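Asks: Sequence and predicted structure, then a few things I'm wondering about:
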Amino acid sequence: MSDRLVKKRQEETRRAAQMMKRMLIHFRGQMDDQLRPEGVTTAQLLLLKTIREKPGASGAELARTCYVTPQSAQTLLKGLEVDGWIARTKDQQNDRILVAKLTPSGEELLVTAEKLAKAMEKKVWQGVSTEEVQTLNAILARCMENLDA
């Protein structure tokens, strides 16, 4: 590959990485704006979804799943508990572990927030074909594999 082609590839791959980051930041910002009237952030929403999908998960497990530090997860969990969206109780096997479950108001909030998220996702993918999304998913999966190797 010529130096010119190598440089062009580097520019394009850097641009792709920057576009992914910008898209994620922009999407999250718009989601936070949409969720603000509900009193929840995207980080809290992800935690609520994870609690629903993994009932009984410890704080450390929730942190790993949500890509936050255990300290951040604990702060988020305390806020969710104070707001009445989750209830935490001691684990039956290990009383040093607190497990969280959604309250009815937490379930209701999650349903509302998921509707907002679906509307945002529809906006993002407007004009992009299913085939293009599948191709993008395959490329991103390959990039993730490269990072994990």
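Replies: Ah, there it is.

Asks: helix, strand or coil for the most centrally placed residue in the chain?
Replies: For the chain, the residue nearest the mean C-alpha position is residue 46 (5.1 Å; C-alpha atoms, centre = their mean). When classified by DSSP: H, G, I helix; E, B strand; the rest coil, residue 46 comes out as helix.

Asks: Can you give me the distance of residue 2 to residue 8?
Replies: Distance check for residue 2 against residue 8: by C-beta to C-beta, to the nearest Å, it reads 9 Å. C-beta: built from backbone N, CA, C; applies to glycine.

Asks: who has more neighbours, the two?
Replies: More crowded of residue 2 and residue 8, by other C-beta atoms under 10 Å: residue 8, with 12 against 7.

Asks: and residue 75, what pLDDT?
Replies: For residue 75, the pLDDT comes out at 94.

Asks: Could you say which helix or strand holds residue 95?
Replies: Assigned by DSSP states H and E, residue 95 falls within no helix or strand.

Asks: so what's the backbone phi/psi at it?
Replies: For residue 95, the backbone dihedrals (degrees, to the nearest 10) come out as phi -70, psi 0.

Asks: what comes up buried for the longest helix belonging to the chain?
Replies: As assigned by DSSP state H, the longest helix anywhere in the chain is helix 3-35. Neighbour-count burial for helix 3-35 flags 27, 31, 34, 35 (criterion: 16 or more other C-beta atoms under 10 Å).

Asks: so who does the first one touch?
Replies: In other words, residue 27. 120, 124 (C-beta atoms under 8 Å, 6 or more residues apart in numbering).

Asks: Offset the numbering so it begins at 9, please.
Replies: With 9 as the first residue, the last one maps to residue 35.

Asks: how close does it sit to residue 133?
Replies: 11 Å.

Asks: Tell me which residues touch residue 118, please.
Replies: Going by C-beta under 8 Å, 6+ apart, residue 118 touches 53, 56, 57, 60, 110.

Asks: first vs last residue of stretch 87-102, how far apart are they?
Replies: From its first residue to its last, stretch 87-102 covers 23 Å (C-alpha to C-alpha, to the nearest Å).

Asks: contacting residues around the closest residue to the residue nearest to the centre of the chain other than its chain neighbours?
Replies: The shortest distance from residue 54 to any non-neighbouring residue, by C-beta to C-beta, 6 or more residues apart in numbering, is to residue 74 (5.1 Å). By C-beta under 8 Å, 6+ apart, the contact list for residue 74 reads 51, 54, 55, 58, 81.
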